[in-house]
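1. 3D model of this:
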Amino acid sequence: MMRSFLYLLLLTTVFFSCENKDDTVFEESADVRLNAALASYEKQLVEAPYGWNAVIYPGGGGSYGFYFKFDDKNRVTMYSDFSDASAAKSKESSYRLKAMQTPSLIFDTYSYLHVLADPDKDVNNGVLGEGLKSDFEFSIFPDSVKAETITLVGRKNQSRMVLTKATQAQATAYTNGDLAKALLFNNIAKYIPYFKRVTLGANTYEITVGQDTRTIKMTWLNGNVPKTFTTDYYITPGGVVFVSPLINGSQTITGFSNITWNANSTQLGVSGGGASGIVVSAIKPISVDLAAARRWWQTPVESGGDWRSANGFHVNGVDDAFKVKDLKDGQGRPYGFYMYAPAFNSRYDAFAPIFYDADGIYLDYGHAPAKPTFTADGRVVFTEYGAFGEIPAGSAVEKSGNLLFDSSGFYLIQTSETTYDMVSAKDAKSWISWE
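-> Residues are numbered from 1 along each chain as shown. Next up is the predicted model:
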């Protein structure tokens, strides 16, 4: 009995000792510790003598380069690679650190950072109501805070933002306008043909740039075998940075530097992988995907869907060259999208504008192509079977049909798992993007 009593007394002593020990683990309250953490984070942001390089990876995809210089009065000066204006001229905004569910860095007045999250799709070419699914309020997690880098996570869209301490030379490059000079790379969009190539050392690459999606696709031949590489990119004063490097044998390309642009000759110069080259035009792919055209046509047949394009044809450097967005149907309903529906019925396909109102979508008039021909060299050729309704003479629909039925046909370029560009095989100066 005495042994049991002593054993119980021992347990009680241990229990209370542990309980008392737990009470003294933290000598300060949770609020005090949290405020100290916020002060520490702000001190780190402010005391970086040359500011911070930043890369933001929005929830909607892509990557964007920024520069931030924080001061101790809750003001931040920034540059952004989003546009020529944001690259050339700094913008001041306010920021604060606040205790929310986690310590948070909040950019609380409209800035270059907010442009990515703006719900107006005309501001950033994003999704209506969502923008690019980026953030301007970021959570800070202690294990992601290092001496030279801080990684933050967006509170709404889980965008990732990585801050890296800038050097004096990098800070000076921003103020000297070097970021704006690096944005000369965007002039690659001024090449009229769809296909573009650059030779770097012994290797020739086909380069496809998605400026809206911030992706670069590089295709080359290893003997007769095509190789493809795709990466997100962002722009710094030093040039274009690949999020992932391209490794081709002994050549590694981490991006493009020494970017030059000759507007008179429409020539973009770049350096990468230890070599320099000039981007040149081409009228066909460096390697034709012989199965792409049939795959494009067959996919909606199997799924019961269709292909849709917001802008119609791009022709000679002009988006929506035929102004399909201005179309209305016979009831005055506005344009929604252009459609290609393979196997619309057993005799023909459908190529037509689709109109809409509050009650639904409508096909009022358009073309009925016959089932297309798929050539041995990878093209698809369309011929006219008939028409839906009466197509107005000289209209955007008539012009779109004339281009579709060009006897040269089209190459289909698969740009993602669910998107294709259909490029004129005549001269590669016209194309339409399908999703």
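
2. Break down the chain into its helices, ranges please.
-> When secondary structure is read from DSSP state H, the chain shows helices at 2-23, 30-46, 84-88, 112-117, 121-124, 168-175, 178-182, 292-303, 396-404.

3. Pull the residues that contact the fifth one.
-> For helix 121-124, the surrounding residues in contact (C-beta atoms under 8 Å, 6 or more residues apart in numbering) are 82, 115, 116, 118, 127, 128, 131, 132. In this view, the C-beta of every residue, glycine as well, is placed from N, C-alpha and C.

4. roughly how far apart are the closest residue to the fifth one other than its chain neighbours and residue 185?
-> With sequence-adjacent residues excluded and distances taken as C-beta to C-beta, 6 or more residues apart in numbering, residue 127 is closest to residue 121, at 6.4 Å. Relative to residue 185, residue 121 is positioned 24 Å away (criterion: C-beta to C-beta, to the nearest Å).

5. Those two: which is more packed in?
-> Per other C-beta atoms under 10 Å, whichever of residue 121 and residue 185 has more neighbours is residue 185, with 24 against 14.

6. hang on, the more buried one packs against residue 241?
-> No: look at residue 185 against residue 241 with C-beta atoms under 8 Å: they stay out of range, at 10.9 Å.

7. List the residues that are in contact with both of those two.
-> Between them, residue 185 and residue 241 have residue 235 as joint contacts when contacts are counted by C-beta under 8 Å, 6+ apart.

8. Would you list the buried entries among the contacts of helix 121-124?
-> Using 16 or more other C-beta atoms under 10 Å as the burial test, the contacts of helix 121-124 include 82, 115, 116, 118, 131, 132 as buried.

9. Look up the pLDDT of the first one for me, please.
-> Residue 82 is assigned a pLDDT of 95 by the prediction.

10. Give me the phi and psi angles of it.
-> Backbone torsions of residue 82, given as degrees, to the nearest 10, read phi -70, psi -40.

11. right, and it touches residue 115 too?
-> Yes: in this structure, residue 82 sits in contact with residue 115. The criterion is C-beta under 8 Å, and the distance is 5.8 Å.

12. Just flag the most distant two among the contacts of helix 121-124.
-> The most widely separated members of the contacts of helix 121-124 are 82 and 128, with 18.6 Å between them, by C-beta to C-beta.

13. tell me which residues in stretch 203-221 are buried?
-> Buried residues in stretch 203-221, defined by neighbour count with 16+ other C-beta under 10 Å: 203-210, 213-220.

14. for these, which one is nearest residue 46?
-> In terms of C-beta to C-beta, no member of the buried residues of stretch 203-221 lies closer to residue 46 than residue 214, at 29.9 Å.

15. ok now do residue 252, which residues does it touch?
-> 245, 246, 273.

16. Can you tell me which of those residues is nearest residue 409?
-> Within the set of these, residue 246 lies nearest residue 409; the separation is 31.3 Å, counting by C-beta to C-beta.

17. nearest residue to the closest one other than its sequence neighbours?
-> Residue 246's closest residue in space is residue 253 (C-beta to C-beta, 6+ apart), at 4.3 Å.
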